[in-house]
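In: my questions concern the predicted model and sequence given below.
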Amino acid sequence: MPALTPRQITAYKRSRTRDEARAKVVAELSRRGYLVPSVEGSTGLLTVATRKGQKFRVAVSGQAAGKNAWLTRTRAIDPDLYYVCIYMPPSKTGDLFFIFNQAEHEKGVERYLAKYGTNQNKTGGGFGWKDALRFQEKWCTLPGP
């Protein structure tokens, strides 16, 4: 079998980080009493339901190394869309969750783009690590389980 190219290795790591982040967010939401029945096809959004049947969607972003800027995709305005970012430290000492509603996310993106300009990965948005700190463990942002 031929050796992987550096580009293939990077793509594999990115995919693994995305999948691990999504699995950990699903597990945490379930632990907190939410129902997470599916992931929406190509959008990668989680469809989540409260015990009372209220549905909302969650976009997940994960980081596995370094406390870098969160590069996230901006999406059409949707009052039922939330963002959960997860930092999974290499030391496995404990994951950190950051929870935003869409308006908070968009404000962070505006600040980031005003400071740094267009981001390099062309996702259309992102925000600085420090900007996310005030949203750490803010599970109360989501509709009640």
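Out: Nice, I can see it.
In: tell me the contacts of residue 67?
Out: By C-beta atoms under 8 Å, 6 or more residues apart in numbering, the contact set of residue 67 is 87, 129. In this view, the C-beta of every residue, glycine as well, is placed from N, C-alpha and C.
In: helix, strand or coil for it?
Out: Secondary structure, DSSP: H, G, I helix; E, B strand; the rest coil: residue 67 is coil.
In: so the closest residue to residue 138 other than its chain neighbours bridges to which residues?
Out: Distances taken as C-beta to C-beta, 6 or more residues apart in numbering put residue 99 closest to residue 138, at 4.6 Å, once the chain neighbours are dropped. Beta-bridge partners recorded for residue 99 (DSSP bridges): residue 84.
In: residue 99: how many residues sit nearby?
Out: Neighbour count for residue 99, taken as other C-beta atoms under 10 Å: 21.
In: same question, residue 101
Out: 17.
In: pretty sure it is touching residue 138, no?
Out: No. Using C-beta atoms under 8 Å, residue 101 is not in contact with residue 138, being 9.5 Å away.
In: wait, the residue nearest to residue 138 touches residue 134, no?
Out: No. Applying C-beta under 8 Å, one finds residue 99 not in contact with residue 134, separated by 10.9 Å.
In: average pLDDT across stretch 58-78?
Out: Averaged across stretch 58-78, pLDDT comes to 83.
In: touching the longest strand along the chain from outside, list them.
Out: Secondary structure of the chain per DSSP state E: the longest strand is strand 55-63. By C-beta under 8 Å, 6+ apart, the surrounding residues in contact with strand 55-63 are 17-18, 20-22, 24-25, 29, 40, 44-49, 70-73, 75, 78, 80-88, 142-143.
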